[in-house]
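# The sequence and its predicted three-dimensional model are supplied below.
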Amino acid sequence: MSKEEKSNLEKKLLFEKKSCWEKWDEKKKQKAFKFCDGYKDFLSNAKTERESVKKGIKIAQANRFISIDEFKKKKSGNKIYFVNKDKNLALVKLGKDLLKDGVNFIVSHIDSPHLDLKVRPLYEEESMAFFKTHYYGGIKKYHWPTIPLALHGVIITKDGRKQEINIGEKEDEPIFMITDLLPHLARKQLTKTLKEAIEGEELNIVVGSIPVQDKKIKEKIKIAILEHLNKKYKIIEEDFFSAELQAVPTGKARDLGFDRSLIAGYGQDDRICAYTSLQAILDSNETDRTQICFWTDREEVGSEGVSGLKSVFLESLLLELLEVSNKESSLKNVYKIFERSEALSSDVTAGFDPDYKQVYDPRNSARLGYGLAIEKHTGSGGKYSSSEASAEYVYKIRDILNKNKVSWQTAGLGRIDEGGGGTIAMYLANRNIDTIDCGVALLNMHAPMEISSKADVYSAYEAYKAFFKE
Ligand code: MN
Ligand code: MN
């Protein structure tokens, strides 16, 4: 066999794996870089569920999507958005016949691991004031001490006012921090496992140290902090109970590497898919089939609750759409739509990290820069806590991507017995919607700063756009 014949055989038979940076021309690289400027801006300015929804609504409105309430009055156009509890956002491009044709869903989540303040967070000890926290989602606790933190969220005050808080992001604003032990005195701490070294109750945030000048007051620094908060936000201690305050890593998403090919930023799981699917529905061609970009919440803690994907909000959204389409608005019809629908559960996956080869299956792991990562199933052990896409549905998606020349790769979380994890795929599949997991491979997943490749961000956008139009 000649060398040429051999390479033709390889070309014909092998499943090609090539980095986008090798395949793409300069023009496409530039396009990807430009697209990622918008993405970084979104990451830097939407660090909580509520902030993401707010920003998403703004983008939707700027692209002539109107709220469902407005739509009911106007009864024209086909671009509608829905908001649920300020923590879910759905953008809809209503197709010709919702009931007959079903929906192309892309569902991502906008909650990320973070530290919530406890309901009674403020205390004073040894001439310092602190906030107690309770972590949300799967964090490695040792990541959080000594990094600069910002506080984001809302407080409902005694008189019912909603006070928004966002402090620690601007250069001239103070930041917050959890302390760690100096190495000189860490002899015992350093012998503990990473899991045990930092305890949940030790994730306390330093918030001040100047006391009030009043001899009669017992907790002088705590009162001083409350006095400051009262002056600035008109809040009292009891108001912390009716609040959602999150400590998140401060600062902007940044280019990473000399060649700027990577992005480091907080909350890329899963705002990376939220942003790319949003841009995809803004730019997708209109089709007979209805398109829905859906941002869910509570994924990191099992999708329970009013804003999680187990909530009936999805059904109620479709009931509303049936109504405005002049169809019988019944659950029976909603189930029919589900049956005729298809979905991408768009979420991040693990990128192969050469420093930790031992936990990956190198033949079945995603690489950064190789395009959209598709996972036939997630889960752990014997595929528990996941759904699995059928051969037929995998074919359909693969065919769409190939026809549209989207860069993609197969993915799996890691070696079978090393661990695992699920996504929202099963909650769509449980509703009888054909679903497949796909998204972007990250390094440092769930760490305060996660890493993605610009090639993958852009490939995800291209893939989602292709899916919507098919
Ligand atoms: Mn995720
Ligand atoms: Mn996650």
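Here it is on my side, so go on. Ligands and ions are numbered 1, 2, ... in the order given.
# Who does whichever residue of the stretch 101-250 of the chain sits closest to ligand 1 form a beta bridge with?
Across the stretch 101-250 of the chain, no residue is closer to ligand 1 than residue 109, which sits at 5.7 Å (Cβ to the ion). Quick note: C-beta positions are derived from backbone N, CA and C, even for glycine. Beta bridges link residue 109 to residue 296, judged by DSSP bridges.
# Now do the contacts for it.
Residues in contact with residue 109 (Cβ atoms under 8 Å, 6 or more residues apart in numbering) are 270, 273-274, 295-300, 309, 347, 424.
# Under a three-state scheme, what state does the spatially most central residue of the chain occupy?
Among the residues of the chain, residue 270 comes closest to the average C-alpha position under Cα atoms, centre = their mean, at 1.9 Å. Here residue 270 is helix, with the state taken from DSSP: H, G, I helix; E, B strand; the rest coil.
# Start the count at 22 instead of 1 going forward.
Understood, numbering begins at 22; the last thing we discussed is residue 291.
# neighbours of the residue nearest to residue 482 when sequence neighbours are not counted, just the number please.
Using Cβ to Cβ, 6 or more residues apart in numbering and skipping residues adjacent in sequence, the residue nearest residue 482 is residue 297, 4.3 Å away. Residues near residue 297, counting by other Cβ atoms under 10 Å, number 29.
# just the one 3 residues further on next, same as before
For residue 300, the neighbour count with other Cβ under 10 Å is 23.
# what's the spacing between the residue nearest to it when sequence neighbours are not counted and ligand 1?
Of all residues not flanking residue 300 in the chain, residue 482 sits nearest, at 5.4 Å (Cβ to Cβ, 6+ apart). To ligand 1, residue 482 is 17 Å away according to Cβ to the ion, to the nearest Å.
# if we can go back for a sec, and ligand 1, which of the contacts of residue 130 reach it?
Filtering the contacts of residue 130 for proximity to ligand 1 by Cβ under 5 Å from the ion leaves 291, 368.
# Tell me which two of the contacts of residue 130 sit farthest apart.
With Cβ to Cβ as the measure, no two of the contacts of residue 130 lie farther apart than 294 and 319, at 15.7 Å.
# about what we covered before: just the pLDDT for the residue of the stretch 122-271 of the chain closest to ligand 1.
For residue 130, the model assigns a pLDDT of 98.
# swap in the one 3 residues further on?
Per-residue confidence (pLDDT) for residue 133: 98.
# got it, and the one 5 residues further on?
On pLDDT, residue 138 comes in at 98.
# residues from the stretch 222-371 of the chain in reach of ligand 1?
Within the stretch 222-371 of the chain, the positions near ligand 1 by Cβ under 5 Å from the ion are 290-291, 368.
# In a markdown table: these, plus distance to residue 100 and pLDDT.
A markdown table is the format used below for these (distance: Cβ to Cβ, whole Å; pLDDT from 0 to 100):
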| residue | distance to residue 100 | pLDDT |
| --- | --- | --- |
| 290 | 28 | 97 |
| 291 | 24 | 97 |
| 368 | 25 | 98 |
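# My read is that residue 273 contacts residue 65, right?
Yes. Residue 273 is within contact range of residue 65, at 4.0 Å (criterion: Cβ atoms under 8 Å).
# any idea how far ligand 1 is from residue 27?
On the measure of Cβ to the ion, residue 27 and ligand 1 end up 42 Å apart.
# From the structure, what's the count of residues near that residue?
10.
# Tell me how the chain divides into domains.
Per automatic domain parsing, the structural domains of the chain span 24-133+287-490, 135-270.
# can you list contacts of the longest strand seen in the chain?
Secondary structure assigned by DSSP state E gives strand 135-146 as the longest strand of the chain. Contact with strand 135-146 is made by 69, 150-158, 160, 165, 170, 172, 174, 224, 226, 228, 240-243, 246-247, 258, 261-262, 264-269, as judged by Cβ under 8 Å, 6+ apart.
# and with 6 Å instead?
With Cβ atoms under 6 Å, 6 or more residues apart in numbering as the test, strand 135-146 has contacts from 151-157, 240, 242-243, 261-262, 266-269.
# Pull out the buried members of those residues.
151-154, 156-157, 240, 242-243, 261, 266-269 (16 or more other Cβ atoms under 10 Å).
# from those, which is closest to residue 380?
The closest of those to residue 380 turns out to be residue 156 (Cβ to Cβ; 22.7 Å).
# Which helix or which strand is home to the closest one?
Following DSSP states H and E, one finds residue 156 within strand 149-157.
# Centre of the chain to that strand, how far?
Here strand 149-157 shows a centroid-to-chain-centroid distance of 24 Å under the convention Cα atoms, centre = their mean, to the nearest Å.
# Give me the angle between that strand and strand 135-146.
Computed by axes from the mean of the first three to the mean of the last three Cα atoms, to 10 degrees, the angle separating strand 149-157 from strand 135-146 equals 150 degrees.
# residues making contact with strand 149-157?
Strand 149-157 has contacts (Cβ under 6 Å, 6+ apart) with 135-139, 142, 144, 224-230, 242-243, 246.
# what about the helices in the stretch 72-221 of the chain?
Secondary structure of the stretch 72-221 of the chain, counting by DSSP state H, counting those that start in this stretch: helices at 89-95, 119-122, 215-218.
# Now tabulate those in CSV and tack on mean pLDDT, distance to ligand 1 and mean neighbour count.
Output for the helices of the stretch 72-221 of the chain, formatted as CSV (pLDDT from 0 to 100; distance: least, Cβ to the ion, whole Å; neighbours: other Cβ atoms under 10 Å):
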stretch, mean pLDDT, distance to ligand 1, mean neighbour count
helix 89-95, 96, 27, 14
helix 119-122, 97, 28, 17
helix 215-218, 95, 21, 12
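# now those helices as CSV including distance to residue 309?
As requested, those are arranged in CSV below (distance: least, Cβ to Cβ, whole Å):
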stretch, distance to residue 309
helix 89-95, 19
helix 119-122, 6
helix 215-218, 52
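# Relative to residue 23, tell me which of the ones you listed wins on proximity.
Relative to residue 23, the nearest member of the helices of the stretch 72-221 of the chain by Cβ to Cβ is helix 119-122, separated by 51.5 Å.
# Report the distance from that closest one to the chain centre.
29 Å.
# can you list contacts of that helix?
Here helix 119-122 makes contact (Cβ under 6 Å, 6+ apart) with 116, 309-311, 342, 346, 348, 354.
# ok, now with 10 Å
Contact partners of helix 119-122, identified using Cβ atoms under 10 Å, 6 or more residues apart in numbering, comprise 113, 116, 308-311, 339, 342-343, 345-346, 348-349, 354-355, 357-358, 361-362.
# So which of these sit within helices?
If you go by DSSP state H, these have 339, 342-343, 345, 354-355, 357-358 in helices.
# between those, which is nearest ligand 1?
Checking these against ligand 1 by Cβ to the ion gives residue 339 as the nearest, at 23.9 Å.
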